[in-house]
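[1] What follows is a predicted structure for the sequence shown.
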Amino acid sequence: MKKNSAFSRFFTFLVFLFLYAPIILLIVFSFNQNNSNVVWGGFSLNWYRELFQNRIIMRSLYTTLLVSLIATVIATIAGTFAAIGFYGLRRRTRNVLNTVNNIPMMNADIVTGVAMCLFFVAFFALWKDFALWINSIQSLFTLPTRLTLGFPTLLIAHITFNIPYVLLSVSPKLRQLDKNLIDAAQDLGCTWFQAFWKVILPEIKPGIVSGALTAFTMSIDDFIISYFTAGSSSSTLSMTIYGMTKKRVSPEINAISTLLFVTVILLLAIINIREARQERLALRQQGAPSVSAGAPAAPKKPVIPQKLTRFAAALACCAILLTAGVGAFHNTRKPIVNVCSWGEYIDEELITMFEEQTGILVNYQTAESNEALYSLLKSGAGDYDVIVPSDYMISQLMEEGMLEKLDYSQIPNFSLIDDRFKNLPYDPANEYTVPYTWGTVGIIYNTTMVAEPITSWGAMFDDKYAGEVLMFRNSRDAMATALLYLGYDVNTTDENELRQAAGLIADAKSRGVYQAFVMDEIFLKMEGGNAAIGAYYAGDYLTAVENNPDLAFVIPEEGSNWFVDAMCVLKDAPHYEEAMAWINFIASTEANLRNMDFIWYASPNKKALEGYPAYYEELYKEELDQETYEIMAAPPETLERCQSYISLPEETRRLYNELWIKLGIQ
Amino acid sequence: MNRTKAFTIPYTIWMALFVVAPIIMIVVYAFSGADGGFTLANFASMGDYTVVFIRSFRLALIATVICLVIGYPVAYLLSREGPRFQRLATVLIMLPMWMNFLLRTYAWMAILEKNGLINQFLGLFGIGPFQMIDTQGAVVLGMVYNYLPFMILPIYSVIIKLDHSLVEAAHDLGANSVVTFLRVILPLSLPGVLSGITMVFVPSVSTFAISTMLGGGTELLLGDLIEQQFLGGAYNPQLGAAIAMVMMVIVVLCMLVMNRFGEGEEQAVVL
């Protein structure tokens, strides 16, 4: 055979370089001293140390490994037997079943994910009626009526998309099998099972192993199907990473990928070297001149089972260890509270403090925007106890009867809340909410990248900054920027005004004004000097300016929005008592001070808000800049220029959705 | 082997429950309104989304063609290397999949950003900076990067199984290497090409994470559009289901047409 030329080898090398350049980058930056993926700050193992202390990442790694292993084991066994079954079927039946089997593999992941999500949610609804009926006609046992997406559904989804891969790699091996072998074995006195174990299995083993490996790889790498089927109580590594890519990816993720990657490289290297050595050995014994000659199956036999047994043993060991881990985890299961908030919106130490104080585990999730939170709740994918929506979304959820009244006797810290944040229009009698933070919306800009200070919302639509502007990726805030600029009310329900506002954004977009539509990605973009102007929340500006002193913030002259985000509990929340404990803890003055210091959003807790400058001075031994304090906690004269959003009638909401989708389509 | 037939029963039930029933759910949703009644309104509004369909299919097609143009030569060249190198190379191609695709895509963000590695490097020579991220080109790059292995591996595994004596026969009969490649190797490797195209095109056309991360979220792709209706900022699962269904049907039609070209060869080639 002719060998490849140097040129073609160089081409192959380039392709490999392309495949590995980003990975090498991630590995290199996992040893970076600072938290940038671009600027090298010196060698350190910090991120590895932090990795093992990051519960969210470790827990999702655990979920990922567990679901992949269990799904692989089940899918491998089920797939192998299914393949044997298919093999014995008549051709026509087999073809039909094979076609169905191919569906999960050929179908787009997003369709499979969405379909399963819809199916599970519909099943849960049916189950609820069924369980209620069963519970009503007998009293021997009570069936749980409330099922939610979680680990079991995630596992089912993984098994479902794994089996086809196993089937696909076992079937060809079966087809190569001499049908008479089994008859022969049985004629010689084997039971069917013995024949299977001693004759079929060794022959199809390579297929089983490659099927299992493929299944495991697919499970580990899967994101989209997990995203739609895992619900909120279990999150795989990919889901955690996806959540992070929407804000700041913490370099601990680089570290864990490096570890996973190195583990796999080592495992594969060992297997490969051994394989190569054994093959060479086998060939030498056999005296065959070439590998590609397709040596008959017989001499390979002593080689493969040995390697496979070892591989299978290793896999089984891992599975058993992990299952044992799960058992232990379940036995010591503590009370839990599921919280859904926004990204970069809590000092995570508070979670640890709360867990230590009360023994209640906090499952802390984040949603991207109020609208996304609403979708999560509606679709059944979000199963939370406590949520932290903004004012207008609270009214909407209340109207739809999705919130539960709070038991204020269990929330003594509610009395610490400043009276101006009680009985607000979204909750006039204050029965459902405890305020979490409040703040304003404005424009963040990079003083080195603009000609003159920004003063108007007009900057968001100005050609002067084409390609440098970041717009909100949620309909309510994005539309508000345009409505304010046009001089309309942010709560308008007038179709013409809304269409005009959407038209303004669409027009600016078609002229290339926007670099991107972002939510928390804005941190990365503004801090890195990748964009000049972006509309966002005051608190997040203060976080960003810590990393890039060139940034400035303005509440434009046309006025703006001010908002309150408040904690509420969802109807039928399974952990009501724990939710009360959490809300009470977060409403305390200490938690508010810590939060304010960490996320730079103003607290509704009177003592905390007033005491923050002193707290800051004590902590950092320097005075808090008055301007900073006023950006965080806008003084009354600023608030006067701002309006809060109120919940819109359904018709207007539908118009918002329509206009919003159209903007994206364009 | 009569008793083995029984083995199909559990899996058939499983498929009915978790493969067929969910797809029926999609169809049911697609034909119902927000109140649950039957309606065709979801499909009637499909015309508004033509732009997204065209954009998604165009980008996916470009990505698939690039994957093919890069992937086929790599697969072919690999098959001519020594067995040890081949083994190493196939492992190396599969390996990146063990590092989460979101992370690999995220790494590209750092490379392509305005102040990213490429622009900083070019800046050293006084060139640029170029706007690379948040463009359609970046989205295509992300697709090619993530799905290239799915093109290389099936093609490779078909070429490696080719009967080498056919190539020798062609040479003996006077064909030069170009003719041999065009008339013998290429047609015989077609099943691998077809399955590679499927495995690249389908995820590309339906991706949603890659487009938000590298495309800046200003131009929706089909995946984003569907995700928005279910878990994103514009809740409307019925419309989402309808869009997913239309996408599914178009993809299946494409595959059918394509496999007709491949004369119905079995595309049982995975990794």
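    It's in. Numbers count the residues shown, from 1 in each chain, chains lettered A, B, ... in the order given.

[2] Flag every buried residue along the helix or strand where residue A:64 lies.
    Using DSSP states H and E, residue A:64 falls within helix A:55-87. By neighbour count on 16 or more other CB atoms under 10 Å in any protein chain shown, the buried set for helix A:55-87 is A:56-57, A:60-76, A:78-87. Glycine gets a C-beta too; all of them are placed from N, C-alpha and C.

[3] now that helix, how far from the centre of its chain.
    Remark: helix A:55-87 is offset 20 Å from the chain centroid, using CA atoms, centre = their mean, to the nearest Å.

[4] What of stretch B:123-141?
    Averaged C-alpha coordinates place stretch B:123-141 at 24 Å from its chain's average position (CA atoms, centre = their mean).

[5] And stretch B:220-237, by the same measure?
    20 Å.

[6] same deal with stretch A:50-61?
    Distance of stretch A:50-61 from the chain centroid (CA atoms, centre = their mean) equals 14 Å.

[7] Show the end-to-end separation of that stretch, please.
    Stretch A:50-61 has its terminal residues 15 Å apart, counting by CA to CA, to the nearest Å.

[8] ok, now stretch B:117-131?
    End-to-end for stretch B:117-131, by CA to CA: 13 Å.

[9] Same check on stretch A:176-190?
    End-to-end span of stretch A:176-190 (CA to CA): 22 Å.

[10] which residues sit against that stretch?
    Contacting residues not belonging to stretch A:176-190 are listed as A:192, A:194-196, A:198-200, A:203-204, B:1 [CB atoms under 8 Å, 6 or more residues apart in numbering or on different chains].

[11] buried residues in that stretch?
    Buried residues in stretch A:176-190, counting neighbours by 16+ other CB under 10 Å, are found at A:177, A:182, A:185, A:190.

[12] related to what we said a few turns ago, just after the helix holding residue A:64, pick out the following helix or strand.
    The helix or strand immediately downstream of helix A:55-87 is helix A:91-106, counting by DSSP H and E.

[13] and the helix or strand that that next one is followed by, what does it pack onto?
    As assigned by DSSP H and E, the chain's next helix or strand after helix A:91-106 is helix A:109-137. The contact analysis (3 or more CB pairs under 8 Å, 6 or more residues apart in numbering or on different chains; DSSP states H and E) places helix A:109-137 against helix A:151-176, helix A:224-229, helix B:21-30, helix B:190-206, helix B:222-230, helix B:237-261.

[14] Nearest to residue A:514, out of those helices?
    Nearest to residue A:514, of all the helices and strands packed on helix A:109-137, is helix B:222-230, at 15.7 Å by CB to CB.

[15] Touching that closest one from outside, list them.
    Contacts for helix B:222-230 (CB under 8 Å, 6+ apart): A:108, A:110-111, A:114, A:117, A:228, A:375, A:379, A:381, A:661, A:664-665, B:49, B:52-53, B:56, B:205-209, B:211-212, B:217, B:220, B:232, B:234-237, B:239-240, B:243-244, B:247.

[16] Keeping just the C-alphas, turn that helix into PDB.
    These are the backbone C-alpha positions of helix B:222-230, laid out as PDB (Å, rounded to 0.1, in the frame of the first residue of the first chain):
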ATOM      1  CA  LEU B 222     -34.900  26.400  14.600                       C
ATOM      2  CA  GLY B 223     -33.600  24.900  17.800                       C
ATOM      3  CA  ASP B 224     -33.700  28.300  19.600                       C
ATOM      4  CA  LEU B 225     -37.200  28.900  18.300                       C
ATOM      5  CA  ILE B 226     -38.400  25.600  19.700                       C
ATOM      6  CA  GLU B 227     -36.600  26.000  23.000                       C
ATOM      7  CA  GLN B 228     -38.100  29.500  23.400                       C
ATOM      8  CA  GLN B 229     -41.600  28.100  23.200                       C
ATOM      9  CA  PHE B 230     -41.000  25.400  25.800                       C
END
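
[17] Give me the mean pLDDT for that helix.
    In this model, helix B:222-230 has a mean pLDDT of 90.

[18] about what we covered before: with secondary structure, distance to residue A:92 and pLDDT added, can I get the buried residues of stretch A:176-190 in JSON lines?
    Putting the buried residues of stretch A:176-190 into JSON lines (DSSP: H, G, I helix; E, B strand; the rest coil; distance: CB to CB, whole Å; pLDDT from 0 to 100) gives the following:
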{"residue": "A:177", "secondary structure": "coil", "distance to residue A:92": "21", "pLDDT": "83"}
{"residue": "A:182", "secondary structure": "helix", "distance to residue A:92": "23", "pLDDT": "78"}
{"residue": "A:185", "secondary structure": "helix", "distance to residue A:92": "28", "pLDDT": "84"}
{"residue": "A:190", "secondary structure": "coil", "distance to residue A:92": "31", "pLDDT": "82"}
